Every structure is written in structure tokens, then in C-alpha cells.
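> Have a look at this fold, sequence not included:
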């Protein structure tokens, strides 16, 4: 990207702002899913330069903020789509953006307001705001906030108006270190919390921490993570909530007439209950709550988990599985509507089950024997609170943590790092590039499209077509793959294996049989939406009718559908190593994830990628080879026999 001074207006191609014209969501997607245009880099080092850059940027630009403290005189408003705002060093503590003050209404009451789509904010701190740290306004879809700290925010650390969609909030810290005063000036008393999103659609909130967010009066205030008023298909995972008034809330006890939460999943979170409720679920429909750990110091507290509805908005199909809930469940439903499978509730979980519970370390100890290996593996929960793969044995563990007592270097898993491990590693020494494979378990495997084991470009009738790696756009994992370009090329039998761009995925199957293929994919039009698929290099589909098709949709959607209306299936003839294959049929579609399941009735919500493992067990650092780095890791943990 070219670099410009903030004192000079850059000369770049003008793109009209979305707010100035009526642009349908599909047209927005079409623009976003083209290759990112090169823009300008705006290096700023003063508050005035930061304001100027926010006003002058164009789509594709990047604002890079030098280390320092930036006292705002007014709110930073973002009207430019496809924009990145980031701290220069990657350390969020180096760049601090200051508002008017947590308890002062004089100045920038909110630090940043976003009014358009595909804006990324990362690697900085927002502090001392009377209202909100970051406010997502209408059209703030496809936002990404990563590695941001919000500190001492007077209302909500982040606020989203109704119906923003497909955003990601990750690796952030929401922290309160001072008392929020009730001043009666321009905000309600005791009205504060962590991220608060109304009507959010398909947001992912993951790997964040919320600490000590509390109102002036104990027992009042909103949750550390709060989603309500018609949210749909949101994912809240791997977060840590410590001593907030409430932990996580899906729905608000103030009812209204519509469901507060439909679909979605809450999984693998650590919650240390503060003054009030640990997890609150109000007016929910088809919500999954899997493998969370909710800790209350008082094991008899009456609502560590609270479920609420009324006769107008009854709870429907609320599914609780394999959670540890220290304390009680308060059921304020009129007719149930929820189920509990394998949950450990009440006083069973004692403090010594956990490493340091009151400080938020809810990792299991060896004393948590009723929880260890006591849960059935779930396809929706293939990572624990740390992102580590689960299960590590035949069964999973109850709660958010998968107990792992072994030290790095213990390649034979006998509880020590000794000469036997060294001999095992030396025997496997291969040098670079040991291929990694997915391991199917329980009839399910989830693959990230970009984590292929082999990729080949098109040739012959598809010369010039290729799978292109792209990032962003609310994709899962590291990114997505596109069959590029969108030039009207299509390939059918007998030229699929020889000509079509191809990706293959190495899978170790333990279960033979018929698998149903799901794709998390999308397409700009029906003329560029089809994929061929197969096993071990041989295509199962042969023409348009039996090819797998992606929806002509606004965003990525899970779909298991052939062009002729049937289901795409792959028959795995025997257990053991196989390759799952995906070919371009038409150029233009986008694919984010692939899923194979033997369960014909299964519908994905937001399944995590099945962990990949190196073929060689001596790959201790997980980088795809067995080399001297692995030997050094083993030596560093060498302990001998116990």
C-alpha cells in the first residue's frame, strides 16, 4: 500500500460511501468478496491527525496509529467501508484513545462510532468514556474488533444497535478498575455492562475477557457479554468472565413480545459469578449451551443459571449439555422447554476441582474425577476454553476445560519426559513437511477450506482458473477459498479430475459408511455456485445436476444440497486414511468450511474445525515436522521417570 501524510489529501480512486446510495446486501457482498483494492496507509501520531484520517479515508485504506495517548475532543466517526484502524506495534497497551472520562460528560462521551460495513479495529486501547467505547450503528455489518482493551467505560464497553450482522469480537479485554458513579446527568443510574448487542445476527464473540464490570449499586447492571432483543444464530465461545454483575446474558428479563434469542450456541466459557447471575437465558428458542463452567463461591446460590420466559414467549428447545454449574438453576419458565444432559449442578463441583477458581482459572485439576472423561464428544465442541482439541481420550470432559496432565515432550503419554520419549522422537525425525491429517470421530469431521493438504490449479479447459485464498468476510478459521476468477468457466466429466482446480483434505476415518457433505459457502449468482466433490481423487459428481451447490446468499450459509435437489454424499468404503476432494465446477463461488457427517438429520450451527494432527507423533510443536525444535522442546521438559 502507498503511504501518505495525514496533512495531504491522498489521490486515490473515489468510491461512493454506502450511506449515500441504496445498496442491497447482495451487492455489498459482491463488492467485498472481490479482491481487496490497494489503498492508502495513513500514519497518524496526534489526535488531530487521527480525526482527519477518519474523515478523509476511502475504501481499502488503513489508519496506523503510532504509540501514544490520544485525548479526543469529539467522537471518531467512521463512514468509510473496507477500512482498518490499528495500533502500529500490535501491542494494545501502546495506543490509548481517551474519551471524556468514565464519570465526566464533558467531551467525547463515546470514543468510536461505526456507520458502515467491513471495518476492522485492532491492537489498541479505548479508555475513559462516559457512554460507550465503540458503538456499532446501522449498517455496521461484517465488523471485526480484535485485540482491543476497553477500560473504565461508563455505559457499555461496546454497543450495537439492532440488526448488525456477521461481526467478530475476539481477543479483547473489557475491564473496570474504578467506581462508576450515578450522576443523573445524561445516562441512567447503574446502566453499564460489557459488549451489549441488540438484534445481532450471526455475530461471533470469542476468546475475550470481561472483569469487574459492576454498577454503583451491587446487584445492578448488565452482563459482561449481553445479547438480546431478537438475536439470531450468534456464537459466544471461549470467553472468561470474572466478577461482573452478571456473566453472560442471552435475553433480557424485560420481555417485549418477540424472542430475545433464536439459534446459536454458548460453549466453552469460564464464568466466575459476581454479585448476581452467572448465565441468564431469557425468552430463547433453539439455543445450545454446551460445555461451559460456571463457578459460584456459594455452592447453594439460587441462580448461578437463570432461565426465564412467559406464556407469550415460552422457552423452546433450550439444550444444556455437559456444563459444570456450581450453584443452583432457577427455573422461571412456565412450561419447561429446556433439557439438561450430563450437567454437573449444585455442590458437586468443589473448589479443589479447579486451579484458582476465584481468579478465573477454572482449568480442571486431577481431583475433578466426576468431570473427567464423563461427557460424550459433541461435534459442536471440538475445542476447549483454551482452543485445545477435545476429546483427548474416548470421552470428553464436562465443563469448558479438557483436562490435560501431560507435559510437552511426553510423546508416549506416560506422565513423564524421559529417554523413552527422546528415543521415540529420534526414531520419527523426518525434517520438514510432515503432512497433517484430520481425524474423523463419531461420524463427523469439520474441515477449514484453506487447510487443504494439496491444491492444484486448473488446466486444459480450466486453464487460468485457480483456488484463491482470501481473508475476512466473517469467515471462520484463517480465511476462505474462492474459485477465481468469475469468468463463466465450468467443468464436468470426463474432465473434472484432469482440468478443474482441486483441493484435497487428508482424513483418517474410524467410521466407514455414507457421509453427507455440507458446505459453508456462498455465491454471487446462481451461475457461479457449483462444486464437484469426491473421495481419493475420484469425483462422485459428474455434471450440474448432481454437483453440490452454494446458495446465492448475502453471507456464508451452511447448505447440503445438490443442484437437482438431492443431498451430496460420499461413501467411505473402509476405515483408514482417505482424501476428501473438492473441485471447482463453476468459477466464482466461495467456500469457508466443509463438513462430513453420517447423521442425515444433523444441521450445523457453527461447528469448530476438527483438530489436525501431524502424521508423526514426535511433532511436539505442531508445526508439521519432526526436527531439532521438537528435540529442544523435549529436552526443556525433560524430567526423567517420576
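Sure, I can see it. Fair warning: this is a prediction, and the values are worked out from it, not measured in the lab.
> I'd guessed residue 311 sits against residue 333; true?
No - judged on Cβ atoms under 8 Å, residue 311 makes no contact with residue 333 at a distance of 10.1 Å. Heads up, the C-betas are built off the backbone N, CA and C, glycines and all.
> higher neighbour count, these two?
Neighbour count, other Cβ atoms under 10 Å: between residue 311 and residue 333, residue 333 has more, with 19 against 7.
> mind checking the SS state of residue 571?
strand (DSSP: H, G, I helix; E, B strand; the rest coil).
> Pull the number of nearby residues for it.
When neighbours are defined as other Cβ under 10 Å, residue 571 has 10 of them.
> Excluding chain neighbours, what is closest to it?
Spatially, and ignoring its direct neighbours in sequence, residue 571 is nearest to residue 514 (5.3 Å; Cβ to Cβ, 6 or more residues apart in numbering).
> Confirm the one you found sits in a helix?
No - using three-state DSSP, the assignment for residue 514 is strand, not a helix.
> gap between it and residue 363?
According to Cβ to Cβ, to the nearest Å, residue 514 and residue 363 sit 39 Å apart.
> The two: which is more packed in?
With neighbours defined as other Cβ under 10 Å, residue 514 and residue 363 compare such that residue 363 has more, 22 against 12.
> Show me which positions of the stretch of helix or strand the more buried one belongs to end up buried.
Under the criterion of DSSP states H and E, residue 363 resides in strand 361-364. Of all the residues in strand 361-364, those buried under the rule 16 or more other Cβ atoms under 10 Å are 362-364.
> cool, stretch 125-138 as well?
125-137.
> My read is that residue 89 contacts residue 67, right?
Yes - between residue 89 and residue 67 there is a contact under Cβ under 8 Å: 6.0 Å.
> Please identify every residue contacting each of these two.
Common contacts of residue 89 and residue 67, defined by Cβ atoms under 8 Å, 6 or more residues apart in numbering, comprise residue 95.
> List the contacts of the residue nearest to residue 465 when sequence neighbours are not counted.
Nearest non-adjacent residue to residue 465, counting by Cβ to Cβ, 6+ apart: residue 458, 3.7 Å away. Residue 458 makes contact with 464-466, 489, 491, 499-501, 584, according to Cβ under 8 Å, 6+ apart.
> where's residue 458 relative to residue 321, distance?
The gap separating residue 458 from residue 321 is 44 Å, by Cβ to Cβ.
> Equivalent analysis for residue 138, please.
Distance of residue 138 to residue 321, given as Cβ to Cβ: 36 Å.
> Pull the contacting residues for residue 375.
Residues counted as contacts of residue 375 (Cβ under 8 Å, 6+ apart) are 291, 321-322, 342, 395-398.
> now do residue 322
290-291, 341-343, 374-376, 378, 381, 396, 398-399 are the contacts of residue 322 under Cβ under 8 Å, 6+ apart.
> Out of the residues you listed, which is nearest to residue 470?
Using Cβ to Cβ, residue 381 is the member of those that lies nearest residue 470, at 27.7 Å.
> mind listing what the residue nearest to residue 338 when sequence neighbours are not counted touches?
Nearest non-adjacent residue to residue 338, counting by Cβ to Cβ, 6+ apart: residue 318, 3.6 Å away. Shown in contact with residue 318 (Cβ under 8 Å, 6+ apart): 281, 284-287, 289, 307, 337-339.
> any idea how far residue 318 is from residue 251?
Here residue 318 is placed at a distance of 11 Å from residue 251 (Cβ to Cβ).
> which residues are common contacts for the two?
281, 284.
> All the strands of the stretch 301-450 of the chain, in order from the start?
Remark: strands assigned in the stretch 301-450 of the chain by DSSP state E, counting those that start in this stretch are 305-308, 318-321, 324-326, 329-332, 338-341, 344-346, 354-356, 361-364, 436-439, 444-448.
> mind listing the helices for the stretch 301-450 of the chain?
Remark: helices assigned in the stretch 301-450 of the chain by DSSP state H, counting those that start in this stretch are 419-428.
> Same question for the chain.
Using DSSP state H, the helices found in the chain span residues 25-32, 47-56, 419-428, 496-499, 628-636.
> can you pull the buried residues of the fourth one?
Using 16+ other Cβ under 10 Å as the test for burial, helix 496-499 gives 496-497, 499.
> Let me have those in CSV, extended by distance to residue 571 and pLDDT.
Shown next, in CSV, are the buried residues of helix 496-499 (distance: Cβ to Cβ, whole Å; pLDDT from 0 to 100):
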residue, distance to residue 571, pLDDT
496, 17, 96
497, 17, 95
499, 24, 96
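> how near is residue 450 to residue 169?
As judged by Cβ to Cβ, residue 450 and residue 169 stand 22 Å apart.
> what about residue 601, how many neighbours?
With other Cβ under 10 Å as criterion, residue 601 counts 6.
> got it, and residue 54?
When counting by other Cβ under 10 Å, one arrives at 20 neighbours for residue 54.
> That one: what's it in contact with?
Neighbours of residue 54 in contact, by Cβ under 8 Å, 6+ apart: 63, 76-78, 80, 85.
> Which ones among the contacts of residue 458 lie within strands?
Within the contacts of residue 458, residues falling in strands by DSSP state E are 466, 584.
> which one among the contacts of residue 458 gets closest to residue 296?
Residue 296 lies nearest to residue 584 out of the contacts of residue 458, by Cβ to Cβ, at 52.9 Å.
> Quick check: the closest one touching residue 484?
No - contact criterion Cβ under 8 Å: residue 584 and residue 484 do not qualify, at 9.1 Å.
> Find residues that contact each of those two.
Both residue 584 and residue 484 are contacted by 465, 467, under the criterion Cβ under 8 Å, 6+ apart.
> Is it correct that residue 289 is in contact with residue 315?
No - look at residue 289 against residue 315 with Cβ under 8 Å: they stay out of range, at 11.9 Å.
> the more surrounded of these two?
Neighbours per residue, other Cβ under 10 Å: of residue 289 and residue 315, the larger number sits with residue 289, 29 against 25.
> Show the contacting residues for the more buried one.
Residues counted as contacts of residue 289 (Cβ under 8 Å, 6+ apart) are 265-267, 279, 281, 318-321, 323.
> how about a cut-off of 7 Å?
Residue 289 makes contact with 266, 319-320, 323, according to Cβ atoms under 7 Å, 6 or more residues apart in numbering.
> Kindly reformat those residues as JSON lines containing pLDDT, neighbour count and distance to residue 600.
Formatted as JSON lines, the contacts of residue 289 follow (pLDDT from 0 to 100; neighbours: other Cβ atoms under 10 Å; distance: Cβ to Cβ, whole Å):
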{"residue": "266", "pLDDT": "98", "neighbour count": "27", "distance to residue 600": "26"}
{"residue": "319", "pLDDT": "98", "neighbour count": "14", "distance to residue 600": "19"}
{"residue": "320", "pLDDT": "98", "neighbour count": "24", "distance to residue 600": "25"}
{"residue": "323", "pLDDT": "98", "neighbour count": "28", "distance to residue 600": "28"}
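> remind me which residues of this structure are low pLDDT?
Applying pLDDT under 70 to the chain flags the ranges 1-38, 406-417, 419, 421-435, 472-473, 554, 614-630, 632-642.
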